[in-house]
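>>> my questions concern the predicted model and sequence given below.
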Amino acid sequence: MTNTKYRVVISHGSYGNPQENWFPWLAAEIRKLGHDAVTPTFPTPGGQSLDIWRAEFRAQVGFLAPDMVLVGHSLGVGFILNLIEESKVPVRGTFLVSGFLGRLGLEEFDPINESFVCRDFQWDRIRRNAGEVHIYNADNDPYVPLAKGKELAETFEVELTVVPNGGHINASAGFLSFPLLLKDLQPLLSGCEA
């Protein structure tokens, strides 16, 4: 066990908040392991834009650092990819859950998501800064086609973890906890590479 204390930052998505889904459970488990967990709140759907979320992240969390692990759900994935791309330093790890880039073809989401996910990313820089990457998508997500998860996994050159019958991997799909993610996260927090 290492004495290093890590900060795990959990970012919610559109129409979301830090108190929903498996976010409070994961934050509590991380704290039990002796690390910090931060769950910033971002304005959504009103006031939702990349610039505003970036400013909120800086105010609530600060800048990315080598002792950070980033966890994003849904649009939170696109958001943290933007942060990683802009960062001057790499983070320890990046965990992407129900993530996507580009439009989903859903009118309640596409306009407010656009500034986050509808552009060309500097993938060499993102791969260099992302640390160890894990990607999780379900095979029956009502919002995000599995192809979006496969695309992200191929871009990062990592294996996609498909969650069978997992929906949007949120509370309405029964996910008030996410033990699989915690299991993958623990080696990083203990100082052991997976």
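That came in fine, so what should we check first?
>>> from now on I want contacts and neighbour counts done on CA atoms only, so please keep to that.
Will do.
>>> what helix or strand is the residue nearest to the spatial centre of the chain on?
Centroid-nearest residue in the chain, with Cα atoms, centre = their mean: G72, separated by 1.3 Å. Using DSSP states H and E, G72 sits in strand 68-73.
>>> tell me the pLDDT of the closest residue to A65 other than its chain neighbours.
Using Cα to Cα, 6 or more residues apart in numbering and skipping residues adjacent in sequence, the residue nearest A65 is V91, 5.7 Å away. pLDDT for V91: 98.
>>> related to what we said a few turns ago, which element is encountered next along the chain beyond the strand holding G72?
helix 75-86.
>>> next, the buried residues of that following helix.
Using 16 or more other Cα atoms under 10 Å as the test for burial, helix 75-86 gives L75, G76, V77, G78, F79, I80, L81, N82, L83, I84, E85.
>>> can you tell me which helices and strands the next helix or strand after that helix packs against?
Counting by DSSP H and E, the next helix or strand C-terminal to helix 75-86 is strand 93-97. On a contact count with 3 or more Cα pairs under 8 Å, 6 or more residues apart in numbering; DSSP states H and E, strand 93-97 meets strand 68-73, strand 132-138.
>>> contacts for the shortest one?
The set of residues that contact strand 68-73 without belonging to it, under Cα atoms under 8 Å, 6 or more residues apart in numbering, is 6-13, 77-80, 91-99.
>>> leaving out the residues flanking it, which one is nearest to S177?
Distances taken as Cα to Cα, 6+ apart place W22 nearest to S177, at 4.4 Å, with adjacent residues excluded.
>>> that neighbour reaches A173, doesn't it?
No. W22 lies out of contact with A173 (Cα atoms under 8 Å); the separation is 10.9 Å.
>>> out of those two, which sits in the busier spot?
Comparing W22 with A173 by other Cα atoms under 10 Å, the one with more neighbours is W22, at 18 against 13.
>>> may I have the predicted confidence score for the more buried one?
Looking at W22, its pLDDT stands at 98.
>>> what of the one 3 residues further on?
In the prediction, the pLDDT value recorded for W25 is 98.
>>> mind listing what the residue nearest to it when sequence neighbours are not counted touches?
Spatial nearest neighbour of W25, chain neighbours left out: S177 (5.8 Å); criterion: Cα to Cα, 6+ apart. Applying Cα under 8 Å, 6+ apart to S177 gives the contacts N21, W22, F23, W25, L26.
>>> which of these tops the neighbour count?
Counting by other Cα under 10 Å, top hit in the contacts of S177: F23 with 27 neighbours.
>>> helix or strand for the residue lying closest to it once chain neighbours are set aside, which one?
Using Cα to Cα, 6+ apart and skipping residues adjacent in sequence, the residue nearest F23 is I10, 6.9 Å away. Assigned by DSSP H and E, I10 belongs to strand 7-11.
>>> which parts of whichever helix or strand comes after that strand are buried?
The helix or strand immediately downstream of strand 7-11 is helix 23-32, counting by DSSP H and E. Residues F23, P24, W25, L26, A27, E29, I30 are the ones in helix 23-32 that count as buried (16+ other Cα under 10 Å).
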